[in-house]
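Engineer: Here is a sequence with its predicted model. Questions after.
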Amino acid sequence: MAGAVRTEAYQFLLSELIRLRQETGLSQAGLAVLLGKPPSYVGKYELAERRLDVVEAIVILKALQVDSDAVIAAVSELAPDRLQ
């Protein structure tokens, strides 16, 4: 399971979450407030020090007011057929 963090699909998800947060003008701390989490929560997943599950990713996308279906579909296109 640890290998999934290194997949192209997961790296794409992280880069999209970072890009979308930055596009909204939110800092990591600002997004953390919207999520009801400490700022370290956002920092750790953005640095891939903490792995996100699909529900967490969707909650973050909702907080960013982004269509989660489109992002998840893009991630799905990049997902490998099996984990290493």
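Structural biologist: Cool, the structure landed. Numbering: from 1, shown residues only.

Engineer: Name the next helix or strand downstream of the helix of greatest length in the chain, please.
Structural biologist: Longest helix in the chain by number of residues, with DSSP state H as the criterion: helix 8-23. Downstream of helix 8-23, the next assigned helix or strand under DSSP states H and E is helix 28-35.

Engineer: now that next one against helix 8-23, angle please.
Structural biologist: 100 degrees (axes from the mean of the first three to the mean of the last three CA atoms, to 10 degrees).

Engineer: residues in contact with the closest residue in space to Ala74 that isn't next to it in sequence?
Structural biologist: Residue nearest to Ala74 in three dimensions, not counting chain neighbours: Phe12, with 6.9 Å by CB to CB, 6 or more residues apart in numbering. From N, CA and C alone the C-beta is placed, and that goes for glycine too. Residues near Phe12 by CB atoms under 8 Å, 6 or more residues apart in numbering: 74-75, 78.

Engineer: burial measure for Arg50, as a count.
Structural biologist: Arg50: 14 surrounding residues under other CB atoms under 10 Å.

Engineer: That one: helix or strand, and which one exactly?
Structural biologist: Per DSSP H and E, Arg50 falls between elements, in no helix or strand.

Engineer: wait, it sits on Tyr41?
Structural biologist: Yes: the pair Arg50 / Tyr41 is scored as a contact, 7.3 Å apart, by CB atoms under 8 Å.
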